[in-house]
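**Student:** have a look at this fold, sequence not included:
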């Protein structure tokens, strides 16, 4: 095999604080999560590790960014400011390569291993393909469903996965890190800028001043704490629902709720055209909104979602309720010659149009609804993470957040929740039934005289 003879780059060595992760993976480790500060060289470590991995086992290696759009700018075309060389050219010198596909951002090596950039926002685009190693870069911003989709592939072929990131609130990256700390076989590490000493005190002070100048003292300090002190408690910059989701966690409203099986369970949909369709199952009980489940997928037809809905109904024994869909579902077509509402009806669903409202009105409705919500833990990884990450666009020229949302994987789940928030008031308010009086009365204790009336009778 050409693998044994292939020369490797010999001008790169991991920094002292990078060695634990690098040597863990080099030694055959299969699962790792590294919560390192900004500019700690996370991607560089994984690029050079991939160069070695490509020679020791023939297979496909993927480097997964939060979105496919980011891949080219953030990594494929990125230049090391210290050397003036493209980062991928440093990690994968030309002598290692058989070919380079600029369009697909794919490198093929002489031994037929490949390395490719992919986006978590289209995690199933590699359907039918197999990888022996995946690095998830900026995992806190990535679509968590990507790992759920890729994990069976790696488990089947004994592949490895590494998750590298700085924190973005207490989302799926925090959950995974906490799990890894307690799970044998996992590597878990959290490094602040003070611990690595990768940046001088003067550089850190300059970064803090820059953040404060850009975002103000409170937000700027919070952003610095998140990115350089790897603080999970700092809020996501520009988040629409930061305070509301903080209350959800503080008040422990993520719990194993039991729905009322006598009441219908409704669904709120965000119907994607070229990207995710998201569905949220919910139930209104008294003054509370029980968020029971969530599902999202892309590149599949309506029949797939109808099967998922039917599967959830059978699995949980839920009574079918209403499918709340965007107002434009009566205009846009799912298939040729049929509106989406008509298509849903043909598949046994019960669509109802949500009232037409501006996005800002919907966001305000969502804020009010979040105060009423209790979430089942199965919503934690995707829906709750999406609501915590959903944020405004940053305008570099104005140096301010705009009113519009950043369109990424979180948008679909946030939009589905927005439709839920606009729809639930149209449902009848059903109070839990009062306990029925059986006719049996337990008399009060002698020293606690109590007088009650039942149906006009004095007891």
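**Tutor:** Thanks, I have the structure now. Everything numeric in this text was worked out from a predicted model, so none of it was measured.
**Student:** low-confidence ranges, the stretch 201-350 of the chain, go.
**Tutor:** 273-275, 331-337 (pLDDT under 70).
**Student:** and the one helix or strand residue 360 maps to, what's buried?
**Tutor:** Assigning secondary structure by DSSP states H and E places residue 360 in helix 359-370. Going by neighbour count (16 or more other CB atoms under 10 Å), the buried part of helix 359-370 is 362, 363, 365, 366, 369, 370. In short, each C-beta sits where N, CA and C put it, glycine included.
**Student:** tell me the contacts of the closest residue to the fifth one other than its chain neighbours?
**Tutor:** In this case it means residue 369. Among residues not flanking residue 369 along the chain, residue 421 sits closest, at 4.0 Å (CB to CB, 6 or more residues apart in numbering). Shown in contact with residue 421 (CB atoms under 8 Å, 6 or more residues apart in numbering): 362, 365, 366, 368, 369.
**Student:** any idea whether the spatially closest residue to the fourth one that is not a sequence neighbour is helix, strand or coil?
**Tutor:** Spelled out, that is residue 368. Nearest residue to residue 368, sequence neighbours excluded (CB to CB, 6+ apart): residue 421, at 7.2 Å. Taking DSSP: H, G, I helix; E, B strand; the rest coil as the rule, one finds residue 421 in the helix state.
**Student:** can you check the pLDDT for residue 421?
**Tutor:** Looking at residue 421, its pLDDT is 97.
**Student:** what of residue 449?
**Tutor:** 40.
**Student:** which parts of stretch 161-169 are buried?
**Tutor:** For stretch 161-169, the neighbour count (16+ other CB under 10 Å) marks 161, 162, 163, 164, 165, 166, 167, 168, 169 as buried.
**Student:** now do stretch 119-130
**Tutor:** For stretch 119-130, by 16+ other CB under 10 Å, it's 119, 120, 121, 122, 123, 126.
**Student:** what residues does it touch?
**Tutor:** Stretch 119-130 is contacted from outside by 59-60, 62, 64-71, 118, 136, 142-143, 145-146, 149-150, 153, 156-157, 275-276, 297-299, 408-409, using CB under 8 Å, 6+ apart.
**Student:** and if you look at stretch 188-198?
**Tutor:** 15, 17, 20-21, 32-41, 177, 180-181, 199, 204, 228-230.
**Student:** narrow these to those in strands?
**Tutor:** Among the contacts of stretch 188-198, the ones falling in strands (DSSP state E) are 32, 33, 34, 35, 36.
**Student:** the third one bridge partners, please.
**Tutor:** On the basis of DSSP bridges, residue 34 is bridged to residue 164, residue 189.
**Student:** tell me how many other residues crowd it.
**Tutor:** 24 (other CB atoms under 10 Å).
**Student:** before we move on, what about the second one?
**Tutor:** Neighbours of residue 33 under the rule other CB under 10 Å: 24.
**Student:** then the fourth one?
**Tutor:** For residue 35, the number of neighbouring residues by other CB under 10 Å comes to 25.
**Student:** for it, which non-adjacent residue is spatially closest?
**Tutor:** residue 190 (4.2 Å).
**Student:** in helices only, show me the contacts of stretch 119-130.
**Tutor:** Here DSSP state H is the test, and these give 68, 69, 70, 71, 145, 146, 149, 150, 153, 156, 157, 409 as lying in helices.
**Student:** among these, the buried ones, what's the ChimeraX command?
**Tutor:** Buried residues among the ones in helices among the contacts of stretch 119-130 (16+ other CB under 10 Å), as a ChimeraX selection:
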select :68,70,71,145,146,150,153,409
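**Student:** farthest pair in the ones in helices among the contacts of stretch 119-130?
**Tutor:** Across the ones in helices among the contacts of stretch 119-130, no pair lies farther apart than 69 and 156, at 29.7 Å, counting by CB to CB.
**Student:** what distance do you get for residue 189 to residue 242?
**Tutor:** With distances taken as CB to CB, to the nearest Å, residue 189 is found 27 Å from residue 242.
**Student:** show me which of those two is the more surrounded one.
**Tutor:** Set residue 189 next to residue 242 and count neighbours by other CB under 10 Å: residue 242 wins out with 20 against 17.
**Student:** residues contacting the more buried one?
**Tutor:** Here residue 242 is in contact with 169, 235, 236, 388 (CB under 8 Å, 6+ apart).
**Student:** tell me what residue 264 is bridged to.
**Tutor:** Beta-bridge pairing of residue 264 under DSSP bridges involves residue 319.
**Student:** please renumber the chain so that the first residue is 47 from this point on.
**Tutor:** All set: I'll call the first residue 47, so the last point we hit is now residue 310.
**Student:** let me see the contact set for it.
**Tutor:** Counting by CB under 8 Å, 6+ apart, residue 310 touches 329, 364, 365, 366, 367, 368.
**Student:** can you put the residues you listed in JSON lines and add distance to residue 270?
**Tutor:** Converted to JSON lines, these look like this (distance: CB to CB, whole Å):
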{"residue": "329", "distance to residue 270": "41"}
{"residue": "364", "distance to residue 270": "46"}
{"residue": "365", "distance to residue 270": "50"}
{"residue": "366", "distance to residue 270": "49"}
{"residue": "367", "distance to residue 270": "46"}
{"residue": "368", "distance to residue 270": "46"}
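**Student:** where exactly do the helices run in the stretch 47-196 of the chain?
**Tutor:** Under the criterion DSSP state H, counting those that start in this stretch, the stretch 47-196 of the chain contains helices at 65-72, 88-102, 114-117, 133-137, 191-203.
**Student:** confirm residue 326 sits in a strand?
**Tutor:** Yes. Judged by three-state DSSP, residue 326 forms part of a strand.
**Student:** please name the bridge partners of it.
**Tutor:** Beta-bridge pairing of residue 326 under DSSP bridges involves residue 314, residue 340.
**Student:** thought residue 429 was touching it, still the case?
**Tutor:** Yes. Counting by CB atoms under 8 Å, residue 326 touches residue 429, with 6.6 Å between them.
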